[in-house]
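In: Could you work out the structure for the sequence below:
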Amino acid sequence: MEFKITKKDKLTLIEVLVDKLDSQIAPSLKSELVLVSGNKEKNIVLDLSQCRYCDSSGLSAILVANRLCKNANGIFVLTGLQTAVERLVTISQLDTVLNITASVEKAEELVAKEAN
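Out: Predicted coordinates:
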């Protein structure tokens, strides 16, 4: 199992359970995101705390999640970034575009504050 999806009150938490978010995993993550979004979920928290590596296809999946949430007037939060993943996000300048928190709890607080 590559992901764990937990439906919560105001959000859906998706935990990536593998240590690499790459071209092997990213397509199925995108599919999950589209399914979650199609179920009228507009607030998604993506927890990458177990993920130590991410490539461009992983970043692409993250951007899909961000766009789906934006289009639904919701909020997307990325959390639990490991050093290498955080570096990639920063180099790609996505840290200026994405909501990023240090923990799932902080992400949930942010969603609670932003969700309407």
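In: give the contact list for the closest residue to residue 112 other than its chain neighbours.
Out: Spatial nearest neighbour of residue 112, excluding adjacent residues (C-beta to C-beta, 6 or more residues apart in numbering): residue 10 at 6.2 Å. C-beta: built from backbone N, CA, C; applies to glycine. By C-beta atoms under 8 Å, 6 or more residues apart in numbering, the residues touching residue 10 are 43, 111, 112, 115.
In: Just confirm residue 11 contacts residue 110, I think it does.
Out: No: between residue 11 and residue 110 there is no contact under C-beta atoms under 8 Å: 9.7 Å.
In: Looking at these two, which is more packed in?
Out: Between residue 11 and residue 110, counting by other C-beta atoms under 10 Å, residue 11 is the more crowded of the two (25 against 19).
In: How about residues contacting the longest helix seen in the chain?
Out: Longest helix in the chain by number of residues (criterion: DSSP state H): helix 56-71. Contacts with helix 56-71, where a contact means C-beta under 8 Å, 6+ apart, come from 21-23, 25-27, 29-30, 33-34, 37, 42-44, 46, 54, 75-76, 78, 88-89, 92, 94, 97-98.
In: Strands along this protein, start to end?
Out: 3-7, 12-16, 20-21, 44-47, 53-54, 76-79, 99-101 (DSSP state E).
In: Mean pLDDT and distance to residue 68 added to those, as JSON lines?
Out: Shown next, in JSON lines, are the strands of the chain (pLDDT from 0 to 100; distance: least, C-beta to C-beta, whole Å):
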{"stretch": "strand 3-7", "mean pLDDT": "96", "distance to residue 68": "14"}
{"stretch": "strand 12-16", "mean pLDDT": "97", "distance to residue 68": "11"}
{"stretch": "strand 20-21", "mean pLDDT": "96", "distance to residue 68": "17"}
{"stretch": "strand 44-47", "mean pLDDT": "98", "distance to residue 68": "7"}
{"stretch": "strand 53-54", "mean pLDDT": "96", "distance to residue 68": "18"}
{"stretch": "strand 76-79", "mean pLDDT": "98", "distance to residue 68": "8"}
{"stretch": "strand 99-101", "mean pLDDT": "98", "distance to residue 68": "14"}
